[in-house]
Every structure is written in structure tokens, then in C-alpha cells.
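**Student:** Just need the structure, nothing else, for what follows:
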Amino acid sequence: MKLRLQDTLDAVAVRRITDAVLRADLGSRVNFEPEAQIVRIENWLTVSETIEVIARNGYLIASVVDDSNTAPAFRRVGGGA
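**Tutor:** As a prediction, this is how the structure comes out:
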């Protein structure tokens, strides 16, 4: 999913949003596009749940840019079968 934040993305916001999302779902992948004020998240939560987690930490979502949500893929580490 891609969410556009209402507020400017600074280093503190990036850290707090990342921490909040990871507390809700440790397997989340969180990436930012600061110039566009967008956070891209892959996790097991619904879009609504993710927005709620971010809002509880003081950051408002201005809009949902992309509501598709792909859960992070599990990759096998190491070789061999």
C-alpha cells in the first residue's frame, strides 16, 4: 500500500512511523518517498489497520495512493534443499 501523509516527512517521522508499523506487524516492510510525503508498506495488516496504527502515533494520512497490500515474501536463506 502507499499512503500520502498530511505532514512533512522528516527523520523523526520516518523513525516513529517505522517503529509503530513494526510494533503492529514485525514482518512489515516500510519504505519512504520523502519528497512526495509517501510511505509504502507491505504487511499483514489491512489498510485501515495500518492507517490506525500510524494515526495513534500522531501522523495523519492525507490520502490512500494505492490500497493494494502485498504481504512480505518469505525468502529461504542459504542454499541447498
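**Student:** For the spatially closest residue to Ile51 that is not a sequence neighbour, grab the count of nearby residues.
**Tutor:** Counting by Cβ to Cβ, 6 or more residues apart in numbering, Ile51 lies nearest to Ile61, which is 5.1 Å off, once chain neighbours are set aside. Where you see a C-beta, it was placed from the backbone N, CA and C, and this is true even at glycine. Residues lying near Ile61 (other Cβ atoms under 10 Å) number 18.
**Student:** so Ile61 touches Ser48, yeah?
**Tutor:** No - contact criterion Cβ atoms under 8 Å: Ile61 and Ser48 do not qualify, at 10.4 Å.
**Student:** Distance of Val14 relative to Thr8?
**Tutor:** Per Cβ to Cβ, to the nearest Å, Val14 is found 11 Å from Thr8.
**Student:** Please tell me how far stretch 55-75 is from the chain's geometric centre.
**Tutor:** 4 Å (Cα atoms, centre = their mean, to the nearest Å).
**Student:** Give me the buried positions along it.
**Tutor:** For stretch 55-75, the neighbour count (16 or more other Cβ atoms under 10 Å) marks Tyr59, Ile61, Asn69 as buried.
**Student:** Need the CA coordinates for that stretch. CSV is fine.
**Tutor:** Below are the C-alpha coordinates for stretch 55-75, written out as CSV (Å, rounded to 0.1, in the frame of the first residue of the first chain):
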residue,chain,number,x,y,z
ALA,A,55,-2.7,7.8,13.4
ARG,A,56,-2.3,6.5,17.0
ASN,A,57,1.3,7.8,16.8
GLY,A,58,0.3,11.3,15.8
TYR,A,59,0.6,11.2,12.0
LEU,A,60,-2.4,11.8,9.8
ILE,A,61,-2.9,10.2,6.4
ALA,A,62,-4.0,12.7,3.7
SER,A,63,-4.9,10.0,1.1
VAL,A,64,-4.5,6.4,0.1
VAL,A,65,-2.5,6.4,-3.1
ASP,A,66,-2.5,2.6,-3.6
ASP,A,67,-4.7,0.3,-1.5
SER,A,68,-3.1,-3.0,-2.7
ASN,A,69,-1.4,-4.7,0.1
THR,A,70,1.1,-7.5,-0.6
ALA,A,71,2.3,-9.3,2.4
PRO,A,72,6.1,-9.5,2.6
ALA,A,73,7.5,-12.6,1.0
PHE,A,74,9.5,-15.1,3.0
ARG,A,75,12.8,-15.9,1.5
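**Student:** Understood, closing this out.
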